[in-house]
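Peer 1: Next one to model:
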Amino acid sequence: MIVRIYYEDTDSGGVVYYANYLKYMERARTEWLRELGFEQDSMLTEEGVIFAVKTVTIDYRTAAHFNDQLEVKTILHKLGRASITFQQNIYRGEEIVTTATVKIASIKSKSFKPTAIPKQLYMKINSI
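Peer 2: Residues are numbered from 1 along each chain as shown. I've put the predicted structure just below:
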């Protein structure tokens, strides 16, 4: 997924604010699911399931700046019954800007208790 850095993404020095990298990664995970044929709003209404970030380990290697074009790559690292762990890297050209390991949990929307990943999605991811 390609991200263009806008002025609103930066601090007064033109450097991307650190929390915005997490937003870019969130968008990339949503697009990853979409490419598999799954929409998060449909999973909510049809399955009563949402995904929540459980753990993030992030390494900021270098700064991104206003008007940079970045690419966020999302790679499946581990599939559990109620969680998915991703490796996500943000690049500016060939240079790695930020790396992260992100674990998301499948939870029931009403109780916020862990639940199995919906069967169709689990089978699709498991076939990758």
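Peer 1: Could you check how far the longest helix anywhere in the chain is from the centre of its chain?
Peer 2: For the chain, the longest helix by residue count, based on DSSP state H, is helix 18-35. A distance of 4 Å separates the centroid of the chain from that of helix 18-35, by C-alpha atoms, centre = their mean, to the nearest Å.
Peer 1: So which elements touch that helix?
Peer 2: strand 49-60, strand 69-79, strand 83-92, strand 95-108 (3 or more C-beta pairs under 8 Å, 6 or more residues apart in numbering; DSSP states H and E). Heads up, the C-betas are built off the backbone N, CA and C, glycines and all.
Peer 1: Turn the ones you listed into TSV, including mean pLDDT, distance to N126 and mean neighbour count.
Peer 2: Below are the helices and strands packed on helix 18-35 laid out as TSV (pLDDT from 0 to 100; distance: least, C-beta to C-beta, whole Å; neighbours: other C-beta atoms under 10 Å):
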stretch	mean pLDDT	distance to N126	mean neighbour count
strand 49-60	98	17	14
strand 69-79	98	6	15
strand 83-92	98	11	19
strand 95-108	98	14	18
